[in-house]
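**Student:** Okay, sequence plus prediction incoming.
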Amino acid sequence: MTEPNRLTATEAARAIAAGRLSAPELMEACLARAAAREPVLRAFIHLDPGQARRNAARARPGPLSGIPLGVKDVLDTADMPTGYGSPIWAGHRPRGDAAAVAAARAAGGVVMGKTVTTEFATRHPGATTNPHNPAHTPGGSSSGSAAAVADFLVPLAFGTQTAGSIVRPAAFCGVVGFKPSFGTFHRGGMKVCSESLDTIGIMARSLADCALAMGAMTGRDHPDPEAKRDRAPRLLLSLGQAPEAARPETVALLQGAAAAARRAGAEVVEAPLPPALSEAAELHPFLMNMETRQGLAWEYAEARAQISPVLLDRLDWAGGFAPAKLDEARRAAMAARAAFLDWTAGFDAVLTPSAPGEAPEGLAHTGEATFNLLWTLLHGPNVTIPAGTGPGGLPLGVQLVGRIAEDPALLATARWLQAALEG
C-alpha cells in the first residue's frame with residue numbers, strides 16, 4: 001500500500017473503514033513525515049506528537065474517523081494554544097473549540113496540530129516555506145495549512161479567506177483549495193477581522209476530499225464530484241478586474257485550460273466584467289481594512305507596539321475614512337453579488353487565474369490577492385486546482401468561481417475540468 005501519509009483523505013477513510021489501516025498508524029506516518037520535513041517546512045506553530053497520538057487513539061466514529069487535520073491558528077482549539085499569528089496572543093489557551101473544529105471532531109477528524117498563519121490572517125508572514133522550494137513563499141494567510149497538505153504531513157487542513165488566503169497558497173503549493181460559500185462554516189471561535197468577508201474553508205489533495213470533508217462537517221449533501229455528468233459545462237472565461245496583473249505564464253495557462261475544456265466538449269465564453277464587479281473590487285480594500293480595524297480594536301488600543309508595521313499601516317490608513325466609506329463598500333458588494341447572478345446566468349462557473357503567477361521568491365511577502373479578492377467578496381464558492389508548473393518549476397493553479405450555495409456543483413465542475421486538463 002502507498003505510504004499512509006501520502007493517501008488522500010478519501011483513500012485513507014476507505015482504508016480505515018475496511019480495516020486495512022488504523023487511525024494510530026495513519027497518525028504515526030504523518031508524524032514521521034513531519035519530523036523529517038518540519039525543520040525546513042515550518043508548517044506547524046504547535047505540534048505535540050504525544051497529544052496527536054492520544055487524539056488518534058480516541059478518534060470518534062464518523063465519515064472522517066481517524067483522518068488527521070491541520071487547524072489554522074486563527075481557529076480556537078480547547079486542547080492546544082491558539083495565538084492568531086500574533087505575539088499579543090502568545091500562549092493563549094481557549095476554553096473550547098471553534099465551531100468548525102468541533103464539527104471536524106464530531107465527524108471523527110483528528111486534530112494533529114495548529115498550522116502557521118500570517119498575523120491575524122492578514123499580511124505579515126509566518127515562518128513557513130514553500131514545499132517545492134524553501135526559498136519561495138507558500139502564500140498566505142493559510143500558509144502552514146497549504147504547505148502541510150502539499151508536503152504530505154496531513155491530508156486535510158482548515159484555511160480561512162478574506163481576500164485570497166485559501167486559493168492563493170493552495171495554488172502556490174500545488175494543492176486543492178476550497179473556499180465555500182460565505183457562512184457555510186459558523187465562525188464561532190474564529191478570530192474574525194473582516195465581518196463581511198472572513199470565510200472558513202479546506203485545503204486537500206483532491207476534490208473528492210473537499211466534498212468528503214464539507215459533507216462530513218456541515219451535514220450538507222456533497223455528492224462525489226467524480227460522478228459522471230450528464231453534460232459538459234458552460235464556462236465564462238475572465239481575467240477579472242486587473243488582467244494586466246497576470247504574468248505571461250498565467251495568461252497562457254488560462255488559455256490552455258480553456259482550450260482543453262473546449263476539446264472535451266465545454267462551451268467557453270470570454271466576457272467582459274460587469275462594471276458593478278469592477279467597482280466592488282476597487283472598494284474591497286476599504287471593506288476589508290476598515291472592518292479589520294473594528295475587529296482588532298482592543299489590540300490596536302492596548303497592544304499597538306506588538307502589531308507589525310505592515311498591519312499597523314493598514315489599520316492607520318483605514319482609520320482615515322469616515323464610516324460612510326465602509327457603507328459605500330458594503331453597498332457595492334451587494335450590487336456586485338446581484339450583477340454576478342445576471343452575468344453568470346446559464347453558466348456553470350467562471351474560469352479565472354488562481355494567482356498572478358508562481359510563488360514569489362522570498363518569505364517576506366506572501367503574494368498578491370489580485371485574482372481572489374473580487375470572488376471572495378461575492379460570497380460564492382471558489383476552488384483552485386493544480387494545473388502544471390511555471391517557468392521556475394513551481395506549481396500553478398486555475399480557479400473556478402460559482403454562485404452562492406452552489407458549492408457541490410462547483411466541485412463537480414472543477415473535477416470535470418481537472419479531467420479535461422489531464423486528458
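**Tutor:** Received it, and whenever you're ready, just let me know what you need.

**Student:** So the closest residue to Ala15 other than its chain neighbours: helix, strand or coil?
**Tutor:** Sequence neighbours aside, Leu21 is the residue nearest to Ala15 in space, at 3.9 Å (criterion: Cβ to Cβ, 6 or more residues apart in numbering). All C-beta atoms are positioned from the backbone trio N, CA, C, and that covers glycine. Of the three states, Leu21 takes coil according to DSSP: H, G, I helix; E, B strand; the rest coil.

**Student:** likewise Arg54?
**Tutor:** For Arg54, the assignment made with three-state DSSP gives helix.

**Student:** Ala301: which element?
**Tutor:** helix 297-302 (DSSP states H and E).

**Student:** try Pro386
**Tutor:** Pro386 belongs to strand 382-389 when assigned by DSSP H and E.

**Student:** Listing partners with orientation, what would you give for that strand?
**Tutor:** Paired neighbours of strand 382-389 in the sheet (DSSP bridges): strand 176-179 (antiparallel), strand 395-401 (antiparallel).

**Student:** can I assume Ser142 is in contact with Gly159?
**Tutor:** Yes - between Ser142 and Gly159 a contact is recorded at 3.3 Å, counting by Cβ atoms under 8 Å.

**Student:** ok, the two, which is more surrounded?
**Tutor:** Just comparing Ser142 and Gly159: by other Cβ atoms under 10 Å the higher neighbour count belongs to Ser142, 40 against 32.

**Student:** Please enumerate the strands of the stretch 1-150 of the chain.
**Tutor:** Using DSSP state E, counting those that start in this stretch, the strands of the stretch 1-150 of the chain run over 44-46, 68-72, 110-115.

**Student:** Tell me the buried residues in the first one?
**Tutor:** Put plainly, it is strand 44-46. Neighbour-count burial for strand 44-46, counted by 16 or more other Cβ atoms under 10 Å, picks out Phe44, Ile45, His46.

**Student:** The second one and His379: what is the separation?
**Tutor:** In this view, Ile45 and His379 are 29 Å apart by Cβ to Cβ, to the nearest Å.

**Student:** about what we covered before: closest one of the buried residues of strand 44-46 to Ala318?
**Tutor:** Ile45 (26.8 Å; Cβ to Cβ).

**Student:** Retrieve the pLDDT associated with that closest one.
**Tutor:** At Ile45, the pLDDT value in this model is 98.

**Student:** Was I right to think it contacts Gly144?
**Tutor:** Yes - contact criterion Cβ under 8 Å: Ile45 and Gly144 qualify, at 6.8 Å.

**Student:** joint contacts of the two?
**Tutor:** Each of Asp73, Thr115, Val116, Thr117, Gly126 lies in contact with both Ile45 and Gly144 under the rule Cβ atoms under 8 Å, 6 or more residues apart in numbering.

**Student:** okay if I get these as JSON lines plus neighbour count, distance to Lys191 and pLDDT?
**Tutor:** Shown next, in JSON lines, are the shared contacts of Ile45 and Gly144 (neighbours: other Cβ atoms under 10 Å; distance: Cβ to Cβ, whole Å; pLDDT from 0 to 100):
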{"residue": "Asp73", "neighbour count": "31", "distance to Lys191": "9", "pLDDT": "98"}
{"residue": "Thr115", "neighbour count": "33", "distance to Lys191": "14", "pLDDT": "99"}
{"residue": "Val116", "neighbour count": "28", "distance to Lys191": "14", "pLDDT": "98"}
{"residue": "Thr117", "neighbour count": "30", "distance to Lys191": "9", "pLDDT": "98"}
{"residue": "Gly126", "neighbour count": "21", "distance to Lys191": "14", "pLDDT": "97"}
